[in-house]
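Novice: My questions are about this predicted structure, shown below with the sequence.
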Amino acid sequence: MIQFNLLPAVKLEYIKASRTRRLVTLISVGVGGFMLLLTILLLISVFGLQKHHIHNLNNDINKYSGELKNVPDLGKILTIQNQLNSLPGLHDKKAVSSRLFGYITQLTPTQASISDLNIDFAQNKLAIKGVASSLNVINKFTDSLKFTKYSDQQGSQSLPAFPEVVLANFNRAPTGTEYQIDIKFDPIIFDSTHEIKLTVPSIISTRSETEKPKDLFQEFNNNQAQ
């Protein structure tokens, strides 16, 4: 049996092109439909689900804000809480005033007593008033303060503990020689974050070196001195 192909080659090419076009069109329609579906889902998510979620969040904010507003004395509570949170920092910054008595005992000569002691931690100033057995003792006391140095446990170098020492006043009295010494001290010696050690020059014999020292603080009567 003999068969003859009566379709010309051009017709065959046309049929193949038609099939290819239909396949491409079908794929394009499928991809376009998928993208359209994806776009619709995104729009639903943005304008539907997210809007609903934002609405719920706003409701929660309004709810909890209302509950806070109904708390009595809320402003006072928050203020107290902030103050409590700042207490540790303030504690670290405050001066350790209890060190003063140890320093004074270490520095004051056995031949001198103190009647008045004023300290100003804001300006780092100290004023000492008292009576000594002689002017020579007062001068040695003043020099001892000038040359006293301090060091801490961090191994820092020795520095002057009292950068400025001035013998402001002295005069004779029945009980001895009255004096006033004005001192400016380094604030580090009262800093709670530093363990300070004073190094006092051996100019005078202080109470810290004497087994049975006399009383350091003495009551002073101005009328009697005059």
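Specialist: Right, received. Where do you want to start? Numbering: from 1, shown residues only.
Novice: right, and the helix or strand after the helix or strand hosting Asp182?
Specialist: Using DSSP states H and E, Asp182 sits within strand 176-184. Counting by DSSP H and E, the element after strand 176-184 in chain order, helix or strand, is strand 196-199.
Novice: tell me how far the ends of stretch 143-160 are from each other?
Specialist: This stretch, stretch 143-160, spans 12 Å end to end (Cα to Cα, to the nearest Å).
Novice: quick one: contacts of it?
Specialist: 107, 109, 161-162, 165, 181, 183, 186, 188-189, 194-201, 203-204, 206 (Cβ atoms under 8 Å, 6 or more residues apart in numbering). In this view, the C-beta of every residue, glycine as well, is placed from N, C-alpha and C.
Novice: in it, what counts as buried?
Specialist: If you call a residue buried by 16 or more other Cβ atoms under 10 Å, then stretch 143-160 has these buried ones: 144-146, 148-152.
Novice: Enumerate the positions of stretch 186-203 that are buried.
Specialist: 186, 189-191, 194, 196, 198, 200, 203.
Novice: Single out whichever of those residues has the smallest pLDDT.
Specialist: pLDDT across the buried residues of stretch 186-203 is lowest for Ile203, at 70.
Novice: Which of the helices or strands spans that residue?
Specialist: Here Ile203 is assigned to no helix or strand, by DSSP H and E.
Novice: thought it was touching Lys140?
Specialist: Yes. The criterion here is Cβ atoms under 8 Å, and Ile203 meets it with Lys140 at 5.0 Å.
Novice: got the buried residues of stretch 143-160 as JSON lines, with distance to Ser65 columns?
Specialist: Formatted as JSON lines, the buried residues of stretch 143-160 follow (distance: Cβ to Cβ, whole Å):
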{"residue": "Ser144", "distance to Ser65": "66"}
{"residue": "Leu145", "distance to Ser65": "62"}
{"residue": "Lys146", "distance to Ser65": "64"}
{"residue": "Thr148", "distance to Ser65": "61"}
{"residue": "Lys149", "distance to Ser65": "60"}
{"residue": "Tyr150", "distance to Ser65": "55"}
{"residue": "Ser151", "distance to Ser65": "56"}
{"residue": "Asp152", "distance to Ser65": "51"}
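Novice: Return the subset of these lying in helices.
Specialist: 144-146 (DSSP state H).
Novice: for these, which one is nearest Ile119?
Specialist: Closest to Ile119 out of these is Leu145 (13.9 Å), distances taken as Cβ to Cβ.
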